[in-house]
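Engineer: next comes the sequence, and after it the predicted model I'd like to discuss.
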Amino acid sequence: MTTTPTLGDRAVKLTVLVIAGLLLFAPFLFQDIRSLEVAARICVFIVLVASYDLLIGYTGIVSFAHTMFFGFGAYGAAISLKQMGPGWDAVIVGAIAGALVSLVMAIAIGLLSLRVKAIFFAMITLAAASVAMVLASQLSHFTGGEDGITYKAPQLFKTATKLMLNDEGKVMRVFGVKLNGKLAAYYFVFASSLVLFLVMLRLVGSPVGTVLKAIRENEARAEAIGYRVVAYRTFVFCIAAIIASLAGTVYAIWLKYTGPDTALSFSIMIDILLMVVIGGMGTMYGAVIGAVLLVLAQYYLRDLMGTAAEAVADMPLLPFILDPDRWLFWLGVIFILLVYFFPKGIAGTLAQKGART
Amino acid sequence: MSHPSLITQDLTIRFGGHVAVNAVSCEFRPGELTVIVGPNGAGKTTYFNLISGQLMPSAGTVIKDGVDMTAMPPSTRARHGVGRAFQLTNLFPQLSVLENIRLAVQARSGDGWRFLTRTSSLTELSARAERYLEATKLSAVADVPASTLSHGDQRKLEVALLMAMEPDIYMFDEPTAGMSLDHAPDVLDLIAEIKHDKSKTILLVEHKMDVVRALADRIIVLHNGELIADGAPDEVMSSQIVRDVYLGKSTEAA
């Protein structure tokens, strides 16, 4: 925790840089649709988890409404794209509408309840999130109910769109990758996520960032030296809500579908919590590591186990244990081991290593 | 005599049926160091909490430089120049010593709401924080977390935080509590230094009689939440009522 970088600090930063590089070149490195799907999900979840880390890791606010804000952004884009047609105007309207609703809700929840004890605040956010979920499924003429909404993304992001043509008039390829709308969509996701993440990185390195940590450490003293704790808490709650909302908009544009499962379900909230805990709270970089690990595990652990089970097919018992159907069990085992060996999350625990040397 | 910088009028707080501070009216002036004494449970710390805003009074007012502060939260009072150090060490344990001080500096300088500026680019802020590090001889430990400091250094950091707030009113609550004899003078020297600046008003809760004698311009005595004596040190310490309730016991203890 010293300000001089430790070996672990450097390792964490290096890992994050490598991840950023892999994500930047993902369409060229992993040339199949599923991989690109995974890469885009990782980008969006890094932003979502980092914005949650602003709350839980930096300020010590426990909120269960983070998916709600993510959902506002996603539904904002989905509804406007559905109603207004696939244009950039719809994207902008949707993003702003989602962010505004998130802001108003965040201010309301924040001012009404950030004065109360942490546990009551958590309960209030839980209630708000449940209400949002019920509304999304009940207002079906508007939100598509449980089925969600399917819509078209702007022209630029259509797979059929050719960004560049070669001599024969077909879509140009670079290193075998078609320069089509899908690629444009991925880089839209990547660039938006990068910008949002850098904004948050700037925030935590600013004077406000230190105040947030001070509030986490010692709320009463932060107040006593002149910081209005309630105002700072509400402020960071609003910022986190807006960023989560924008992440939702980006993801909605990428998926071209928005429904309770992709944008509002409670399992997303649990994913966020797991990612921030595994990655390391209060580090920002932990969000990157946590999001990468969990998304990869969710997409590839089954495949990996299938391969492993085949490899040991002749041995007794092992194929049974490694059956792909048991992937959730192994995911759970991995989580428990990670939390056991990295009590402060991977980034948090590593950052302390090498401090003694 | 200068105008009072801080006035409490009939300041009262009740916890259920218990009156912890009972109608205390008192004026404090710049350039004056007032020591507040009284037996345990007399309401000294509660009186402090009422002035700095941690507690809201049941009745009475707190006025600073003509402004009624009674309804203000602690943060607003701090920005109005009421600085308070705490009896039990009350720091930001995981943050570095420098960050602790910088927090106090930036609260005062009004940089506390900058959220897209790198802290490291605010050189004026760091320079001022460094100055308080040097003043309190904590430069060597600037980068270690506050929680790893020795008790004596934590007490010094507590004082450094207060100085970095650059308040008009300094409130110390037993600044040398739990400090070894060879470390206590460091903190007392700092207080004496603040005293040189005649524009500052200093309030000090202290038990150690040698400290009281060395620093006090004036002593007020609280007993069962009531102000029972107020005056020059010699005068107060020789008064019969004070001897009865307080000094008789305490001089033996000290």
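Structural biologist: Cool, the structure landed.
Engineer: now do the contacts for B:Leu149.
Structural biologist: B:97, B:141, B:157 (C-beta atoms under 8 Å, 6 or more residues apart in numbering or on different chains). The C-beta positions use only the backbone N, C-alpha and C, and glycine is treated the same way.
Engineer: sort out for me which of those are in helices.
Structural biologist: Within the contacts of B:Leu149, residues falling in helices by DSSP state H are B:97, B:157.
Engineer: tally of neighbours for residue 74?
Structural biologist: Defaulting to chain A. 32 (other C-beta atoms under 10 Å in any protein chain shown).
Engineer: that's the other chain; I wanted chain B
Structural biologist: Neighbour tally, B:Pro74, other C-beta under 10 Å: 24.
Engineer: now swap in A:Tyr300 and tell me
Structural biologist: A:Tyr300 has 14 nearby residues by other C-beta under 10 Å.
Engineer: which pLDDT value belongs to it?
Structural biologist: What the model reports for A:Tyr300 is a pLDDT of 91.
Engineer: what's the answer for the one 4 residues further on, then?
Structural biologist: pLDDT, the model's per-residue confidence, is 89 for A:Leu304.
Engineer: any low-confidence regions in the stretch 1-150 of chain A?
Structural biologist: A:1-5 (pLDDT under 70).
Engineer: quick one, helices of it?
Structural biologist: Assigned by DSSP state H, counting those that start in this stretch, the stretch 1-150 of chain A shows helices spanning A:7-24, A:26-29, A:33-53, A:66-84, A:88-113, A:118-138, A:140-143.
Engineer: go through those and pick out the most buried.
Structural biologist: With neighbours taken as mean count of other C-beta atoms under 10 Å in any protein chain shown, the helices of the stretch 1-150 of chain A reach their highest mean count in helix A:66-84, at a mean of 27.
Engineer: count the neighbours of the closest residue to chain A within the stretch 151-254 of chain B for me.
Structural biologist: Going by C-beta to the nearest C-beta, chain A is nearest to B:Met165 of the stretch 151-254 of chain B, at 5.7 Å. For B:Met165, the count of nearby residues is 25 (other C-beta under 10 Å).
Engineer: excluding chain neighbours, what is closest to it?
Structural biologist: In this structure, B:Met165 finds its nearest non-sequential neighbour in B:Gly83, 4.4 Å apart by C-beta to C-beta, 6 or more residues apart in numbering or on different chains.
Engineer: tell me the pLDDT at that neighbour?
Structural biologist: Per the predicted model, pLDDT is 94 at B:Gly83.
Engineer: and it, that's in a strand?
Structural biologist: Yes. According to DSSP: H, G, I helix; E, B strand; the rest coil, B:Gly83 belongs to a strand.
Engineer: hmm, it is touching B:Tyr170, no?
Structural biologist: Yes. If you go by C-beta atoms under 8 Å, B:Gly83 and B:Tyr170 touch, sitting 5.5 Å apart.
Engineer: where do the contact lists of those two overlap?
Structural biologist: Joint contacts of B:Gly83 and B:Tyr170 (C-beta under 8 Å, 6+ apart) are B:Leu162.
Engineer: chain B contacts on the stretch 101-250 of chain A?
Structural biologist: A:199, A:202-203, A:205-211, A:213-214, A:217-218, A:220-229, A:235, A:239 (C-beta under 8 Å from any C-beta of the partner chain).
Engineer: report how many residues lie close to A:Pro343.
Structural biologist: 11.
Engineer: dihedrals phi and psi, A:Pro86?
Structural biologist: When quoted as degrees, to the nearest 10, the phi and psi of A:Pro86 stand at phi -80, psi 90.
Engineer: determine the number of other residues adjacent to it.
Structural biologist: So A:Pro86, with other C-beta under 10 Å, has 18 neighbours.
Engineer: A:Tyr337: neighbour count?
Structural biologist: For residue A:337 the amino acid is Leu, not Tyr. 10.
Engineer: a helix runs through A:Thr249, doesn't it?
Structural biologist: Yes. Counting by three-state DSSP, A:Thr249 is part of a helix.
Engineer: now the closest residue to chain B within the stretch 251-357 of chain A. Nearest residue, chain neighbours left out?
Structural biologist: Closest approach of the stretch 251-357 of chain A to chain B (C-beta to the nearest C-beta) occurs at A:Gly282, with a separation of 8.9 Å. Spatial nearest neighbour of A:Gly282, chain neighbours left out: A:Gly57 (3.4 Å); criterion: C-beta to C-beta, 6+ apart.
Engineer: over to B:Thr34?
Structural biologist: B:Arg218 (4.8 Å).
Engineer: how about that neighbour, what does it touch?
Structural biologist: Taking C-beta under 8 Å, 6+ apart, one finds B:32-35, B:230-233 in contact with B:Arg218.
Engineer: which ChimeraX command selects the buried ones in those residues?
Structural biologist: Buried members of the contacts of B:Arg218, defined by 16 or more other C-beta atoms under 10 Å in any protein chain shown, are picked up in ChimeraX with:
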select /B:32,33,34,35,233
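Engineer: can you list the residues of the stretch 1-150 of chain B near chain A?
Structural biologist: B:52, B:54, B:73-76, B:78-79, B:84, B:86, B:90-96, B:98-99, B:102-104, B:106-108, B:111-120, B:122, B:125, B:143-145.
Engineer: the same query, at a cut-off of 6 Å, please.
Structural biologist: Counting by C-beta under 6 Å from any C-beta of the partner chain, the stretch 1-150 of chain B comes close to chain A at B:74-75, B:78-79, B:84, B:90, B:92-94, B:96, B:99, B:103-104, B:106-107, B:111-112, B:114-119, B:143, B:145.
Engineer: go through those and flag which are in helices.
Structural biologist: Short answer: those in helices (DSSP H) are B:74-75, B:78-79, B:99, B:103-104, B:106-107.
Engineer: which of these are buried?
Structural biologist: Buried among those by 16+ other C-beta under 10 Å: B:74-75, B:78-79, B:99, B:103-104, B:106-107.
Engineer: make a markdown table out of those residues and add distance to A:Gln298 and pLDDT.
Structural biologist: Listed next are these as a markdown table, based on distance: C-beta to C-beta, whole Å; pLDDT from 0 to 100:
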| residue | distance to A:Gln298 | pLDDT |
| --- | --- | --- |
| B:Pro74 | 46 | 95 |
| B:Ser75 | 44 | 94 |
| B:Ala78 | 48 | 94 |
| B:Arg79 | 48 | 93 |
| B:Glu99 | 37 | 93 |
| B:Leu103 | 40 | 94 |
| B:Ala104 | 45 | 93 |
| B:Gln106 | 42 | 92 |
| B:Ala107 | 44 | 90 |
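Engineer: what helix or strand is B:Ala42 located in?
Structural biologist: Here B:Ala42, judged by DSSP states H and E, is contained in no helix and no strand.
Engineer: what do you get for the one 4 residues further on?
Structural biologist: Using DSSP H and E, B:Thr46 sits in helix B:44-52.
Engineer: gap between the helix or strand that that helix is followed by and the chain center?
Structural biologist: Going down the chain from helix B:44-52, the next helix or strand is strand B:59-64, by DSSP H and E. Averaging C-alpha positions (C-alpha atoms, centre = their mean, to the nearest Å) puts strand B:59-64 18 Å from its chain's average.
Engineer: identify each buried residue in strand B:59-64, please.
Structural biologist: Quick answer for strand B:59-64 (16+ other C-beta under 10 Å): B:60, B:62-64.
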